[in-house]
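*Asks:* Provided below are the primary sequence and the corresponding predicted coordinates.
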Amino acid sequence: MKTNRRNFIIAATAATASTTLPAMATTKNTYPIVHHVFFWLKNSSSTADRDKLVEGVKTLSKIETIRELQVGIVAATEKRDVVDQSWAVSELMFFDSLEAQKTYQDHPVHLEFIKNYSHLWEKVVVYDIQNV
């Protein structure tokens, strides 16, 4: 009985992988505009300030032109010369168009975020990307 169950699980896993992996490999991000922001905290050792900023960034998801929002903190990956771990919080947003990104920039929720949370950061760097 254990052998049959094990064989079934192995076969099911292989079947799932054979249909899922090719789809994942060919999936292309359909959002042509990417907005990536990095924040450096005034109080870089404060977990409370970092968490408060994360909370604030997540409020931006209410803006209807943002198709996807990812919020992150520095990962504890291997230290290498090419990896910048000096920032504290990151937001990664995807938009359908330059106009949609502009709507986000001028949106009251974004302006409120800046008003309520800018006291936490000392530096912000933005990378806006257009897929080619």
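*Replies:* Cool, the structure landed. This is a predicted model, so every value here is computed, not measured.
*Asks:* what pairs with the helix or strand containing residue 91, parallel or antiparallel?
*Replies:* Here residue 91, judged by DSSP states H and E, is contained in strand 89-95. Strand pairing for strand 89-95, using DSSP bridges, gives strand 33-41 (antiparallel), strand 68-73 (antiparallel).
*Asks:* can I get the shortest one as CSV, trimmed to CA atoms?
*Replies:* Just to be clear, that refers to strand 68-73. Backbone C-alpha positions of strand 68-73 (Å, rounded to 0.1, in the frame of the first residue of the first chain) are rendered in CSV as follows:
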residue,chain,number,x,y,z
GLU,A,68,1.1,44.9,-8.2
LEU,A,69,2.9,46.1,-5.1
GLN,A,70,5.7,44.2,-3.3
VAL,A,71,7.1,45.6,-0.1
GLY,A,72,10.4,44.3,1.3
ILE,A,73,13.3,44.7,3.7
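*Asks:* contacts for it next, please.
*Replies:* 31, 50, 54, 57-58, 60-61, 88-94 (CB atoms under 8 Å, 6 or more residues apart in numbering). For every residue, glycine as well, the C-beta is placed using N, CA and C.
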